[in-house]
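**Q** quick check, what structure comes out for this input:
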Amino acid sequence: MVRIERKEEDLPVILEIVEDTVAIMDSNGNDQWTDEYPVAKDFIDDIESENLYVAVNEQDKPIGMITVDQEQAEEYEGVKEWRKDVTRPFVFHRIAVDLSTRGAGIASKLIAHAEHVAKEAGVYYMRTDTYIKNKKAQKLFEKNGYKKVGMIPTLLGKDHPFYAYDKLLDE
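**A** Have a look, this model is predicted:
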């Protein structure tokens, strides 16, 4: 279940999910997320911008979240392989799921919800990216129909490139 409204009281649980996700990434040799990014302010901004969507369980406890908006990193302009030339495509960022619910399809449901948000706005095209070291995200994106279309040489001050992904949505 994805709750549409954003609640600031979800923030402590979201930050716990992020902390656990950073630990898992670190144990896999993936430094895409660290103690420096993402931080509480990123999620507060997402809540205030109404771009944060939260998956909750039957007890209304947050078990995952995703940010969906039309904000692309400047570095996206360097990707020549995007399959559609759209000025303001929808982009999803900062997706994470509670460790206790991993493998239950929550991340795929969050991505499907991001696509629904785009379609409701009349935009049938999604973009995202992930660090070259983030093998789990790469698998997740490809499983959900995203195509790896190019490379972003530098993003978030990292030493390694990011893969650019996109998906053409059905109209």
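**Q** alpha carbons only for contacts and neighbour counts from here, please
**A** Noted.
**Q** how much space separates the residue nearest to residue 15 when sequence neighbours are not counted from residue 19?
**A** Spatial nearest neighbour of residue 15, excluding adjacent residues (C-alpha to C-alpha, 6 or more residues apart in numbering): residue 40 at 6.8 Å. In this view, residue 40 and residue 19 are 11 Å apart by C-alpha to C-alpha, to the nearest Å.
**Q** sec struct for residue 47, please.
**A** At residue 47, secondary structure determined by DSSP: H, G, I helix; E, B strand; the rest coil is helix.
**Q** where's the residue nearest the centre of the chain, which helix or strand?
**A** For the chain, the residue nearest the mean C-alpha position is residue 93 (3.0 Å; C-alpha atoms, centre = their mean). For residue 93, the element it lies in under DSSP states H and E is strand 90-97.
**Q** does anything pack onto that strand? Which helices or strands?
**A** helix 11-27, strand 62-69, helix 106-120, strand 125-131 (3 or more C-alpha pairs under 8 Å, 6 or more residues apart in numbering; DSSP states H and E).
**Q** paired strands for it, with orientation please.
**A** Looking at strand 90-97 with DSSP bridges, its partner strands are strand 62-69 (antiparallel), strand 125-131 (parallel).
**Q** where does the residue in the chain sticking out farthest from the centre sit: helix, strand or coil?
**A** Each residue of the chain has a distance to the centre, and by C-alpha atoms, centre = their mean the biggest one is for residue 59: 23.9 Å. Recorded secondary structure, residue 59: coil (three-state DSSP).
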